Structure formats: structure tokens, C-alpha cells
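[1] Fold the stuff below for me.
(one chain, ligands or ions: 1)
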Amino acid sequence: MGAHFSIARGLDRAVRTAAAHGCTALQIFTKNASTWKERTLLPEEIDAFKAAQRATGITHVAAHAAYLLNLASPEPGKHRMSLDALRQELERSSALGIAHVVLHPGNHMGAGEGEGIQKIIAAINGVFDACRAPGTRLLLETTAGQGSSLGGRFEHLRSILDGIFDPDRVAVCLDTSHIFAAGYDIRTREAYEKTLAAFDDIIGLDRLELIHLNDSKRKLGSRVDRHEHVGEGYIGMDAFRFIMQEPRFEAIPKIIETPKFKGALEYDRVNLDRLRALVNP
Ligand SMILES: [Zn+2]
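    Down below sits the predicted model:
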């Protein structure tokens, strides 16, 4: 159980902040996520990060790829930059011993779903060819299906997984806020079971390796990606109870990406406590 924390004051600081919140898992950006500028890690940074992990008992770290990446971009320049950025992200994460790199599959920008998916498959295969990144797996994240983004249907992720030559290097991250906005209901026991069955049929629960626990500021099927505090959005508390008590998810790391503050209050602690309280009440 963990949250996304900033690396602004150092990679090792993010680990210590997570530990101070009682986390056993953590998600970070390994570089500034809103620019193309890459970052080369110093050996001291890598050592400090690994030492902080050993000292705190944070057992699982995920890295989220930068938002600018679009493996389906029809613009050759953007496409090339995205491939290069993904390769560097995988290499950086591997050097840090990070198990998972989370990626939004891409936006076809009007080229069509089929073409977008083929472009993403070729891109990932190419990046995998260009780097080994031992110990690090790429996770395709379910998306809200906003605009031309791919990943709003479980079928999109299935198609991409099917095209990857080295299937051991890819798996899936499920985001509650995204699937809900994409139209998959989880608010009642019946709806939750139906959505889980669809995920299992189409993708396979054995491919699920990370869960993002966020409530949604927007309604079911809105296709708008806006995260809300746990239990305070349109999803509501019941869905989080189903997930936190789900035996099939017991070993899967769960990360919140909820807003950091509510007014002046630091809210990660509140959201994490809310979720922890749902386990074996
Ligand atoms: Zn997410």
C-alpha cells in the first residue's frame, strides 16, 4: 500500500516520505514528468535510493512514465522522442531496481484505434529490442478513454499485449478512476464482479500487477480523467472496500494518486488511512 511521492528533494527522500506515511509501496517519477528533458542518474543517487529502500522496508516501487510520451503519435518527431524517452525511463528504472514502469499506452490523434494500437506495439517491441532493463517490467495502464487515448477499453490492452514479442516484459496496471470514467462500473457488488470478470476474460487477472486507487471527480462513462479523494467522488467507498478485501488482489501493490491536499490539509495520510480501515474491519 502506498502513494505517489515527489522526488523534488531527491529520490531517496521520496522513499523516506513514503515510509513516514506508513507505506510499504511507492510510486515516483524518475525525472520531471512534464518536460522532455532527460535525467542521468548519479551513482550516489542510485545508492542512496537503494539504501533508503533497505532502511525503510519499502518493498515495492513503481515509476510512472512522463505524460508527454505518446507511442501512437502520428508526428514522426514526437514519436521518435517518445520511444527514446521510454527507453531511458526503462533503463533508469532498471538501474534503480524499480520493478514497474507505468505507461499510458498512447493517443492515436485521429489516425484511428487500429492504427494507433499497431503503432504502440511496434514502438514497444522496438524499445525492448534496444534495451534490456533487467528486473523492470512495463505496465500498460487502463485509461479514461479521454479524447483519442487508447486503453479505455480492456480490448485495447489485450490487442497490445498480443503484439509484444516478449510477453514477460509487459503487464497491466488498473486505475479505478480511469476504468470508471471509461464506463466500467464498480460501485455495487454486482457491477464490481461484472467488471472484474470482463477484465479477467479480456486481459486476464494474471496480467494485473499494480492497482491505482483513486476516486473520480467525473461520472461513470464521462471519459474525463480527474482524480478525487477516496470515497469523495462518484465511485464512493463501497468499491474501495471490495478491492481492499479482494483475496485475488491481496499480493498486488496498491497506490493512491489522489490530490495531495484538501485546502491546507495534507491528504495522503487521510486517503491511506481510509483504505487501510477497509481491510478486515
Ligand atoms: Zn493512474
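
[2] residues of stretch 79-90 that come out buried?
    Going by neighbour count (16 or more other CB atoms under 10 Å), the buried part of stretch 79-90 is 79, 81-83, 85-90. C-beta coordinates here come from the backbone N, C-alpha and C atoms, glycine included.

[3] let me redo that: stretch 138-152
    138-146, 148-152.

[4] thinking in terms of the whole chain, how far from its middle is that stretch?
    10 Å (CA atoms, centre = their mean, to the nearest Å).

[5] any idea of the mean pLDDT for that stretch?
    The pLDDT scores in stretch 138-152 average 98.

[6] same check, this time on stretch 16-36
    Mean predicted confidence for stretch 16-36 is 95.

[7] and it, is it in reach of the ion?
    No. Using CB under 5 Å from the ion, we find that stretch 16-36 stays clear of the ion, coming within 8.6 Å at best.

[8] That stretch: end-to-end distance?
    In terms of CA to CA, to the nearest Å, the two terminal residues of stretch 16-36 are separated by 27 Å.

[9] just stretch 216-227 next, same as before
    Terminal residues of stretch 216-227 are spaced 5 Å apart (CA to CA).

[10] and it, how far out from the chain's middle?
    17 Å.

[11] wait, what's in contact with the nearest residue to Ala130 once chain neighbours are set aside?
    Of all residues not flanking Ala130 in the chain, Arg87 sits nearest, at 5.5 Å (CB to CB, 6 or more residues apart in numbering). Shown in contact with Arg87 (CB atoms under 8 Å, 6 or more residues apart in numbering): 127, 130-131.

[12] Can you add secondary structure and pLDDT and give those residues back as JSON lines?
    Shown next, in JSON lines, are the contacts of Arg87 (DSSP: H, G, I helix; E, B strand; the rest coil; pLDDT from 0 to 100):
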{"residue": "Val127", "secondary structure": "helix", "pLDDT": "98"}
{"residue": "Ala130", "secondary structure": "helix", "pLDDT": "97"}
{"residue": "Cys131", "secondary structure": "coil", "pLDDT": "97"}
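
[13] who in the chain is up against the ion?
    By the rule CB under 5 Å from the ion, the part of the chain lying against the ion is 175, 212.

[14] can you list the weak-confidence ranges in the chain?
    Across the chain, the ranges flagged by pLDDT under 70 are 281.

[15] What ranges does it have for its helices?
    Taking DSSP state H to define them, one finds helices in the chain at 11-20, 43-56, 76-95, 113-130, 154-163, 176-181, 189-202, 237-244, 268-276.

[16] What residue in the stretch 1-150 of the chain comes nearest to the ion?
    Closest contact between the stretch 1-150 of the chain and the ion, by CB to the ion, is at Glu141 (5.7 Å).

[17] sorry, back to before: most packed of the helices of the chain?
    Ranked by mean neighbour count, the helices of the chain are led by helix 176-181 with a mean of 27 (mean count of other CB atoms under 10 Å).

[18] and that helix, what other elements does it pack with?
    Judged by 3 or more CB pairs under 8 Å, 6 or more residues apart in numbering; DSSP states H and E, the packing partners of helix 176-181 are strand 208-212, strand 215-216, helix 237-244.

[19] got a list of contacts for that helix?
    141-146, 151-152, 186, 195, 211-216, 218-228, 233-235, 239-240, 243.

[20] Next one: Asp203 from the ion, what distance?
    That one is not Asp; residue 203 is Ile. As for Ile203, its distance to the ion is 16 Å (criterion: CB to the ion, to the nearest Å).

[21] Count the neighbours of that residue for me.
    Using other CB atoms under 10 Å, Ile203 is surrounded by 21 other residues.

[22] Report the contact partners of the nearest residue to Arg248 once chain neighbours are set aside.
    Of all residues beyond its chain neighbours, the one nearest Arg248 is Leu205 (6.0 Å), with distances taken as CB to CB, 6+ apart. By CB under 8 Å, 6+ apart, Leu205 lies in contact with 196, 199, 248.

[23] Is Leu213 in contact with Pro253, as I believe?
    No. Counting by CB atoms under 8 Å, no contact exists between Leu213 and Pro253, whose distance comes to 10.5 Å.
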